[in-house]
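>>> coordinates for the following, if possible.
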Amino acid sequence: MRLEMKDIVMEFGPVRAVDRVSITVEQGEIVGLLGENGAGKSTLMNILAGVYTPVSGKILIDGQEVVMKNVQTAEKNGIRFIHQELNLCKDLRVWENMFLGEEIKSNPLFVNKKEMIKRCKKIFDRMNTNIDPEAIVDTLSAADKQMLEIGKALQFESNLIIMDEPSTAISTEEIENLFKIMRQLKKEGVSLIYISHKMPELFEICDTYFIMRDGKLVSSGKFDDVNEEIITEKMIGHNLQSESYDSSACNKQEKIVLSASHIQCDGIKDLSFDLHQGEILAVTGLQGSGRDMLADVLFGVEPFSGELRINDKLMSNRGGQSTIGKYLKNGVAMVPRMRAERGIHNDLSVLDNMSMGFLNTKFHKIFISKKEETERFERERQAMGIKVGSTKNPITSLSGGNQQKVILGKWLETDADILLLDNPTQGIDVGTKFEIYNLILDLASKGKSIIVFSSEFPEIYRVADSCIVLYKGKCNAWLNRDELTEKNMMYYSTGANLESIADEK
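Sure, this is the predicted structure:
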């Protein structure tokens, strides 16, 4: 299938989100769609997928104009969209999600459950993943939920698949599996549009690129003809020099604000460490290393054995909602991973989302003052450059990067002493990433203590004073600043040092 989008225009009130954009995708081609958050990428793809109707412009498939009236029209034309924010029914089983709205029936009254489970297993085998078709979706890991979404697109005959940040929650091994599937689909003549902020992935898997900025198409070409620096400059519209760690930003002091001693739970084994005032400590590790579990333990989400002290005060190890409240009151705040599921309240406005942290920890009045709420929001908006039309709009109306800034602002307004940042730049463009890195460094310089949970070396190297490397729930290495290299991080993350020791024995 050859796809052409010609002179597409999309407006939301006075805002022109897509401004006369034209792209072409050849049959069996993998196209990278790039741009900062809010550039118009998702809007353009939602038009192609039948979610939005453009103000003007044409969509041509093999030279014939097609009007995408709705999602069903797009799917009938072989177009499937795997959204960044997963579109799954958590209370249903895997096979029910896989065939939702397209059930296989044994007769007009009954669905053929056996056949659907059989097809699920077949597609998961093809993807080299072990997801149980009869599992409840809510019990799946974030990575398995992402693989399920990909499986849904592969299950049906698709001529063009749009993938929006598909690798955000999956491991390196699963990304390699995904790329194998994509290459096989390419050989079969299926076209793919791949949206990602991870440059190495784009250069590895994509043939051509289209770059959007402020709703306009600003550049296109082949990846073979450019490098990461050129692509980055085209995305942000100016030269962004690669900033390295500034040792003068280190404000680590003698005072210990968090002390973990022999922490143990499902996923963590006998872990001990200290966090000092003004320190930026990174925690890294591959999928399943215990990194995610440790973040939840330090915020009171998960129960654990061992001892955790905040400012020398012994903290509850029971886990749960009431425990989280105690951690909040003792000056711990958390920007969680998977913001759509854990960080925002979809049904609330931008302003309400920003206010929730302050109202839950610092508010002691009878009535809420909208004026004070607006002042708090405006303070964070100016500090972080949050782009928002109206604070009354739902949080989901913002781009991913601006949603992340709202989540950060929500916790900054609590004036917490300890900030847990779990994958803080997930799905965020390169320009916004550097804004957040500078914010982290600034907070540390003011005496805030920060733990950054991340698997991205450039991110860790940009901000961290030191780094804990987890492997199978244990601390496999503590890397000081001068030991912090990508080679060392991967060496210990993969447990290569342990295998070497085993070989010697």
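>>> by contact count, what packs against the helix or strand Glu229 falls within?
Secondary structure assignment for Glu229, by DSSP states H and E: helix 228-236. On a contact count with 3 or more C-beta pairs under 8 Å, 6 or more residues apart in numbering; DSSP states H and E, helix 228-236 meets helix 199-205, strand 208-213, helix 430-445. Every C-beta, even on glycine, is put in place using the N, C-alpha and C of the backbone.
>>> next one: the last one to chain centre, how far?
Put plainly, it is helix 430-445. Relative to its parent chain, helix 430-445 has a centroid offset of 17 Å by C-alpha atoms, centre = their mean, to the nearest Å.
>>> rewinding a little: which stretch among the helices and strands packed on helix 228-236 is buried most, on average?
strand 208-213 (a mean of 21; mean count of other C-beta atoms under 10 Å).
>>> show the average pLDDT along that one.
Mean pLDDT, strand 208-213: 94.
>>> report the contact partners of Tyr491.
The contact partners of Tyr491, taken as C-beta atoms under 8 Å, 6 or more residues apart in numbering, are Asn497.
>>> can we see that at 6 Å?
With contact set as C-beta atoms under 6 Å, 6 or more residues apart in numbering, Tyr491 has no partners.
>>> secondary structure element holding it?
Using DSSP H and E, the element containing Tyr491 is helix 486-493.
>>> would you mind writing the CA trace of that helix as CSV?
Output in CSV follows, covering the C-alpha atoms of helix 486-493 (Å, rounded to 0.1, in the frame of the first residue of the first chain):
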residue,chain,number,x,y,z
GLU,A,486,28.0,3.4,29.4
LYS,A,487,30.2,0.4,29.2
ASN,A,488,30.3,-0.1,33.0
MET,A,489,26.5,0.5,33.3
MET,A,490,25.7,-2.2,30.8
TYR,A,491,28.4,-4.6,32.1
TYR,A,492,26.8,-4.6,35.6
SER,A,493,23.2,-4.3,34.4
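>>> distance from the chain centre to it, please.
Here the centre of helix 486-493 is set off from its chain's centre by 22 Å, with C-alpha atoms, centre = their mean.
>>> check stretch 20-32 too.
Centre-to-centre, stretch 20-32 and its host chain are 24 Å apart (C-alpha atoms, centre = their mean).
>>> end to end, how far does that stretch reach?
By C-alpha to C-alpha, to the nearest Å, the extent of stretch 20-32 from end to end equals 19 Å.
>>> for it, which positions count as buried?
Buried residues in stretch 20-32, defined by neighbour count with 16 or more other C-beta atoms under 10 Å: 21, 23, 25, 28-32.
>>> export the residues you listed to a markdown table and tack on pLDDT?
Output for these, formatted as a markdown table (pLDDT from 0 to 100):
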| residue | pLDDT |
| --- | --- |
| Val21 | 97 |
| Ile23 | 97 |
| Val25 | 97 |
| Gly28 | 96 |
| Glu29 | 97 |
| Ile30 | 98 |
| Val31 | 98 |
| Gly32 | 96 |
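>>> and the helix holding Glu229, what's buried?
For helix 228-236, burial by neighbour count (16+ other C-beta under 10 Å) applies to 231-232, 234-236.
>>> quick one: contacts of the strand or helix carrying Thr323?
Using DSSP H and E, the element containing Thr323 is helix 321-329. Applying C-beta under 6 Å, 6+ apart, the contact partners of helix 321-329 are 299-300, 316, 361.
>>> immediately after that helix, which helix or strand?
Going down the chain from helix 321-329, the next helix or strand is strand 332-335, by DSSP H and E.
>>> now that following strand: mean pLDDT?
Across strand 332-335, pLDDT averages out at 92.
>>> so what strands line up beside that strand?
Here strand 332-335 is paired, per DSSP bridges, with strand 418-422 (parallel).
>>> figure out how far the partner strand is from the centre of its chain.
Here strand 418-422 is found 16 Å from its chain centre; the criterion is C-alpha atoms, centre = their mean.
>>> could you report the pLDDT at the residue nearest to Leu412 when sequence neighbours are not counted?
Nearest residue to Leu412, sequence neighbours excluded (C-beta to C-beta, 6 or more residues apart in numbering): Glu380, at 6.4 Å. Glu380 is assigned a pLDDT of 86 by the prediction.
>>> ramachandran angles for Glu380?
phi -70, psi -30 (degrees, to the nearest 10).
>>> next, count neighbours for it.
Neighbourhood size, Glu380 [other C-beta atoms under 10 Å]: 18.
>>> can you tell me how far it is from Leu328?
Going from Glu380 to Leu328 by C-beta to C-beta, to the nearest Å gives 18 Å.
>>> now do Phe299
Plainly put, Phe299 is 9 Å away from Leu328 if you go by C-beta to C-beta.
>>> how long is stretch 314-324 end to end?
Stretch 314-324 stretches 14 Å from its first residue to its last (C-alpha to C-alpha).
>>> sorry, back to before: let's have the buried residues of helix 228-236 in JSON lines, adding pLDDT and distance to Asp465.
Formatted as JSON lines, these follow (pLDDT from 0 to 100; distance: C-beta to C-beta, whole Å):
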{"residue": "Ile231", "pLDDT": "86", "distance to Asp465": "30"}
{"residue": "Thr232", "pLDDT": "77", "distance to Asp465": "26"}
{"residue": "Lys234", "pLDDT": "84", "distance to Asp465": "33"}
{"residue": "Met235", "pLDDT": "80", "distance to Asp465": "30"}
{"residue": "Ile236", "pLDDT": "72", "distance to Asp465": "28"}
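>>> check what pLDDT the residue nearest to Pro303 when sequence neighbours are not counted gets.
Distances taken as C-beta to C-beta, 6+ apart put Gly319 closest to Pro303, at 3.6 Å, once the chain neighbours are dropped. The model reports Gly319 with a pLDDT of 86.
>>> was I right about Gly319 contacting Phe304?
No - using C-beta atoms under 6 Å, Gly319 is not in contact with Phe304; the gap is 7.2 Å.
>>> those two: which has the busier surroundings?
Using other C-beta under 10 Å, the more surrounded residue of Gly319 and Phe304 is Phe304, with 25 against 17.
>>> what sits against the more buried one?
The neighbours of Phe304, taking C-beta under 6 Å, 6+ apart as the test, are 263, 265, 297, 317.
>>> now swap in Pro424 and tell me
Pro424 touches 335, 436, counting by C-beta under 6 Å, 6+ apart.
>>> same thing but 8 Å
Pro424 makes contacts with 335, 404, 408, 436, 440, 452, 454, as judged by C-beta under 8 Å, 6+ apart.
>>> quote the end-to-end distance of stretch 279-296.
From its first residue to its last, stretch 279-296 covers 20 Å (C-alpha to C-alpha).
>>> distance between that stretch and the chain's centre?
Distance of stretch 279-296 from the chain centroid (C-alpha atoms, centre = their mean) equals 15 Å.
>>> ok, back up a step: can you flag the buried ones in the contacts of helix 321-329?
Using 16+ other C-beta under 10 Å as the burial test, the contacts of helix 321-329 include 299-300, 361 as buried.
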